[in-house]
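Undergrad: model the structure of this input:
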Amino acid sequence: MSDEEATAATPSVHYNAGRSIMIRHAVRPQYRERYETWLRQIIAAAAEFSGHQGVHIVRPTEGHDTFEIAVRFSSKEEAEAWLASDIRKELLSDIRSALASDEQVEIKSGIDFWFTPPTSKARQPTRWKQWLITTAVIWPLTMIVPPVFQPVFDRVPELALWGVRHGLVAATIVALVVYLIMPRVVRLVAGWLFR
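TA: You can find the predicted model right below:
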């Protein structure tokens, strides 16, 4: 394979500092069931790769056909290794005929994929909605997480030092928001958020 052919065979990837691979597939309606089966296979394959941290899928709303998949890796290099892998290329060739268009692939940083609309043609939610959802998620955590850590701070005074305790609390809140809470909240309020 020539360098030119290899470049053409590789999806166009826009790199931001980050670890979440955002993949968009427009699926032909008659192949939806086949695609769902294939999706389970490729998710299992990705999970075998070094640095894999999980997958979040946004299925298309009624009347739409675009699936959005966020595959998280612990580093940009590990995400790139998955994208360039032979198993991924093989699985993509198996499903290509079920797709209405070429896949769209981006590597994004931690929080920018939260507010990606369910279809690539939809507009981004307004900033005030993003602010409101983010505040509603983080506010209660700022009241819950510090008291949960208090017994640890009491037992290990070094961790209770000014700055250290704040860093631990902030890191815990951000991890909860990025990996656990925000993807579920956005899915729950998607009808209002993307209106």
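Undergrad: could you point out the helix or strand that follows the helix or strand where T134 lies?
TA: In the assignment (DSSP states H and E), T134 maps to helix 127-155. Downstream of helix 127-155, the first helix or strand assigned by DSSP H and E is helix 164-175.
Undergrad: so for the helix or strand following that following helix, what gets flagged as buried?
TA: Downstream of helix 164-175, the first helix or strand assigned by DSSP H and E is helix 182-188. By neighbour count on 16 or more other C-beta atoms under 10 Å, the buried set for helix 182-188 is 182-183, 185-186. C-beta coordinates here come from the backbone N, C-alpha and C atoms, glycine included.
Undergrad: from those, which is closest to G63?
TA: Nearest to G63 out of the buried residues of helix 182-188 is V186 (C-beta to C-beta; 19.6 Å).
Undergrad: pretty sure the closest one contacts V178?
TA: No. V186 lies out of contact with V178 (C-beta atoms under 8 Å); the separation is 11.7 Å.
Undergrad: which neighbours do the two have in common?
TA: Common neighbours of V186 and V178, using C-beta atoms under 8 Å, 6 or more residues apart in numbering, do not exist here.
Undergrad: quick revisit: how big is the angle separating the helix holding T134 from helix 164-175?
TA: Using axes from the mean of the first three to the mean of the last three C-alpha atoms, to 10 degrees, the inter-axis angle of helix 127-155 relative to helix 164-175 is 140 degrees.
Undergrad: so which bits of helix 127-155 are buried?
TA: Buried residues in helix 127-155, counted by 16+ other C-beta under 10 Å: 129-130, 133-134, 137, 141, 145-146, 153.
Undergrad: so which one among those residues has the lowest pLDDT?
TA: Ranked by pLDDT, those bottom out at Q130 (84).
Undergrad: what about it, distance to G51?
TA: 28 Å (C-beta to C-beta, to the nearest Å).
Undergrad: repeat for W162
TA: Distance from W162 to G51, by C-beta to C-beta: 34 Å.
Undergrad: who has more neighbours, these two?
TA: Counted by other C-beta atoms under 10 Å, W162 and G51 do not tie: G51 has more neighbours, with 15 against 6.
Undergrad: not counting sequence-adjacent ones, nearest residue to that one?
TA: For G51, ignoring the flanking residues on the chain, the nearest one in space by C-beta to C-beta, 6 or more residues apart in numbering is E78 at 3.1 Å.
Undergrad: number of nearby residues for the one you found?
TA: As a burial measure, E78 scores 17 neighbours (other C-beta under 10 Å).
Undergrad: my guess is V71 contacts I23, does it?
TA: Yes. The pair V71 / I23 is scored as a contact, 6.9 Å apart, by C-beta under 8 Å.
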